[in-house]
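Asks: next comes the sequence, and after it the predicted model I'd like to discuss.
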Amino acid sequence: MARPKPNPLFQWQPAVPFLLMITFFISQLIHPSHCDIGTAAQYSPPYLPTACYREDTSQFPSDNLFAAAGEGIWDNKAACGRQYSVRCISSSVAGACNPDQIIQVKIVDYAPSLPSPPSASGTTIVLSEIAFGSIADPSTAPASINIEFQQ
């Protein structure tokens, strides 16, 4: 008795688990970014009083990496004390950003009520001089830079 010819549509079935496994591993390597994009300015002393902690100097981190929240992240004072990772991604001046540098800042104030004016208004976040200088060259950077940030 002659053997029936195998159906060519079913010959690929053993490869299906292998293809599913490869697809799973590739999907684990490619993740969507969980960061937001915004703008940052800088502000100078005096840093007190703040909208979050008034005259309390213990609010400032010892590394002086702190910031004021703009309207977009203020959240009716809920932003006070939040920590954000911030990275400069671009600037209107070539070479002003240090894109390899990521800093962690603590929100201590509200941008519209700062005791000293920021270098630009309406930004997502306003960084202390030290924080801004850590991710961008303050001597060449414009009034605001484009940032990537994540809580």
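Replies: That came through, no problem.
Asks: isn't residue 107 right next to residue 78, touching?
Replies: No. Residue 107 lies out of contact with residue 78 (CB atoms under 8 Å); the separation is 9.6 Å. (C-beta placed from N, C-alpha, C; glycine too.)
Asks: for those two, indicate the residue with more neighbours.
Replies: residue 107 (28 against 11; other CB atoms under 10 Å).
Asks: you'd agree that one is in a strand?
Replies: Yes. The assignment for residue 107 (DSSP: H, G, I helix; E, B strand; the rest coil) places it in a strand.
Asks: would you quantify the distance from it to residue 67?
Replies: According to CB to CB, to the nearest Å, residue 107 and residue 67 sit 6 Å apart.
Asks: intersection of neighbour lists for the two?
Replies: 84, 125 (CB atoms under 8 Å, 6 or more residues apart in numbering).
Asks: which element follows the helix or strand bottoming out on mean pLDDT in the chain toward the C-terminus?
Replies: Ranking every helix and strand in the chain by mean pLDDT, DSSP states H and E puts helix 15-29 at the bottom, with a mean of 63. Downstream of helix 15-29, the next assigned helix or strand under DSSP states H and E is strand 36-43.
Asks: which parts of the protein are strands?
Replies: 36-43, 66-69, 83-90, 102-110, 125-128, 145-150 (DSSP state E).
Asks: great, nothing more from me.
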